[in-house]
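*Asks:* here's my sequence, what's the structure:
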Amino acid sequence: MFYNEAEGDTLNRKSEAIYAMVRDFKNRGVPIDGVGLQLHLPRLDYDTGAIAANMERLTKLGLQVHIAELDVALPVDPQGAPRPEDLQRQADAYPRVVRACLQNPGCTATQTWGFTDKYS
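*Replies:* Next comes the predicted model:
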């Protein structure tokens, strides 16, 4: 069983609550195998170090971690067009996040949120 949640990807109040919940599950013998992190990243300069730290502490509990829904928001002008340099920054953001997963043996899957998300 996986617990899948949004906005708990970095070290914050929500991720603390998720960590406490799954640690409690493990301690009580509740059959939980992992946590899915929905990474709907709102900025191009997102802190992947905090994502990696959160993954590490979850895997230390004996859980798998999946990046369950990866997309990176792209700023656009009033006509809906992005700046060319932001397109490159967005393209660079994806491998940074995937690298955080690949560097943690407990992170066993990465999925994108389709190939587009008109809301991000």
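
*Asks:* where do the strands of this protein begin and end?
*Replies:* 2-6, 34-38, 40-41, 64-72, 107-112 (DSSP state E).

*Asks:* what is the least confident helix or strand in the chain?
*Replies:* Taking mean pLDDT, DSSP states H and E as the measure, the helix or strand of the chain with the lowest value is strand 40-41, at a mean of 88.

*Asks:* mind giving me the packing neighbours of it?
*Replies:* strand 64-72 (3 or more Cβ pairs under 8 Å, 6 or more residues apart in numbering; DSSP states H and E). Every residue, glycine included, has its C-beta placed from N, CA and C.

*Asks:* any idea how far the residue positioned nearest the centre of the chain lies from Arg23?
*Replies:* Ranked by distance to the mean C-alpha position of the chain (Cα atoms, centre = their mean), the top residue is Leu39 at 3.6 Å. Taking Cβ to Cβ, to the nearest Å as the measure, Leu39 falls 22 Å from Arg23.

*Asks:* just give me the neighbour total for Met55.
*Replies:* 24 (other Cβ atoms under 10 Å).

*Asks:* my read: it touches His66, true?
*Replies:* No - applying Cβ atoms under 8 Å, one finds Met55 not in contact with His66, separated by 9.9 Å.

*Asks:* does Arg57 touch Val22 like I think?
*Replies:* No - using Cβ under 8 Å, Arg57 is not in contact with Val22, being 10.3 Å away.

*Asks:* not counting the least confident helix or strand of the chain itself, show me its contacts.
*Replies:* The contact list for strand 40-41, computed with Cβ atoms under 8 Å, 6 or more residues apart in numbering, reads Ala6, Glu69, Leu70, Asp71, Val72, Ala73, Ala93, Val97, Trp113, Asp117, Ser120.
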